[in-house]
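S.K.: Starting from these lines, generate the structure:
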Amino acid sequence: MANDFKVSMLASGSKGNVTFIETPQHNVLVDAGLSGKKIAGLMAQIGRSLTDVDALFVTHEHSDHIAGVGVLARKYGMDIYANQKTWTAMQNKIGKINPEQVQLFEPGQTKLMGDLDIESFSVSHDAADPQFYAFHHDNKTFAMLTDTGYVNDRIIGMLKNSDAILMEANHDYEMLRMGSYSWPLKQRILGDQGHLSNEDGALALTQILGNRTKHVYLGHLSQENNQKPLAHLTVQSVLEEHDFGVDHDFGLLDTDPAVATQLIQI
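M.R.: Numbering: from 1, shown residues only. Predicted structure coming up:
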């Protein structure tokens, strides 16, 4: 069926991350980095309910990605997918979960779930075994990449020419450099296991965007070291310098830590 693959970035930022993906057969979340009550409210913003979600995919064990995982698992009975090292790292943070809901999903694997195929891939971040996902339905792809210190050729190959992409634009380099963070924390963010800057994300996009790409979301913006207009302008400028038709060939879209993006058809 056409136009039945939909996504919304329910929340994206340094304080909490949740993404919603819908096909005719499945409603799934990626991460649950806010309270269950807040996530329920974000779902209501797009006219959906957590009672309809059947699976939750976890990227890594940092609190801005798992704060609500335990609550959602216990209250709504959804299956939770994560790799073994992530499960081990987050077990004490999310409370007891029914073992039947624990689903192992290792990096480099593909899960076939009815009309939805999900590929997992490793990223470079200071977590136990961080991984992100590309979702495929009806010859269309939605791919996600945040929480990584760099983007290698393998990841570019995974994401290349996706129909919709969530790309990290975590910080503005000068804001981070001049900001109040301690030097060790700044080094962590700037390192190979940290986060992509606005420029880093934009340069990665120059190698990922293709003729099929229609929606690019800028995500995981730091509330202390970035601003939405600055991230948007920086990424747009880099892409235009590389002859990409921003807002002509594809939409460059902002995300928000507290307001869900419109539920769009991929």
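S.K.: Would you quantify the distance from residue 46 to residue 8?
M.R.: Noted for residue 46: a distance of 5 Å to residue 8, by C-beta to C-beta, to the nearest Å. Every C-beta, even on glycine, is put in place using the N, C-alpha and C of the backbone.
S.K.: okay, and the common contacts of these two?
M.R.: 20, 260, 262, 263 (C-beta atoms under 8 Å, 6 or more residues apart in numbering).
S.K.: Among those residues, which one sits closest to residue 132?
M.R.: residue 20 (15.7 Å; C-beta to C-beta).
S.K.: Now name the helix or strand holding the nearest residue to the closest one once chain neighbours are set aside.
M.R.: Nearest non-adjacent residue to residue 20, counting by C-beta to C-beta, 6 or more residues apart in numbering: residue 8, 4.7 Å away. Element membership for residue 8 (DSSP states H and E) is strand 6-11.
S.K.: Name every strand pairing with that strand and say which way it goes.
M.R.: Taking DSSP bridges as the criterion, strand 6-11 forms sheet pairs with strand 18-22 (antiparallel), strand 264-265 (antiparallel).
S.K.: tell me the average confidence for that strand?
M.R.: Taken as a whole, strand 6-11 carries a mean pLDDT of 98.
S.K.: got the contact list for that strand?
M.R.: 17-23, 29, 33-34, 38-39, 42-43, 45-46, 142, 164, 166, 217, 219, 255-258, 260-266.
S.K.: ok, now stretch 63-82?
M.R.: Counting by C-beta under 8 Å, 6+ apart, 13-18, 29, 31-36, 38-39, 50-51, 53-59, 90, 93-98, 101-105, 111, 147 sit against stretch 63-82.
S.K.: Restricted to helices, list the residues you listed.
M.R.: Among those, the ones falling in helices (DSSP state H) are 36, 38, 39, 90, 93, 94.
S.K.: Return the distance of the last one relative to residue 118.
M.R.: In this view, residue 94 and residue 118 are 21 Å apart by C-beta to C-beta.
S.K.: Tell me which of the strands paired with strand 6-11 sits most buried.
M.R.: Comparing the strands paired with strand 6-11 by mean neighbour count (mean count of other C-beta atoms under 10 Å), strand 18-22 ranks first with a mean of 25.
S.K.: Let me know the average pLDDT across it.
M.R.: Averaging pLDDT residue by residue across strand 18-22 gives 98.
S.K.: how about the longest helix seen in the chain: buried residues?
M.R.: Scanning the chain for the helix with the most residues, using DSSP H, yields helix 228-241. By neighbour count on 16 or more other C-beta atoms under 10 Å, the buried set for helix 228-241 is 230, 231, 232, 234, 235, 236, 238, 239.
S.K.: For the closest residue to the second one other than its chain neighbours, which residues are in contact?
M.R.: Spelled out, that is residue 231. Excluding its sequence neighbours, the residue lying closest to residue 231 (C-beta to C-beta, 6+ apart) is residue 169, at 4.3 Å. Counting by C-beta under 8 Å, 6+ apart, residue 169 touches 196-198, 201-202, 218-221, 226, 231, 234-235.
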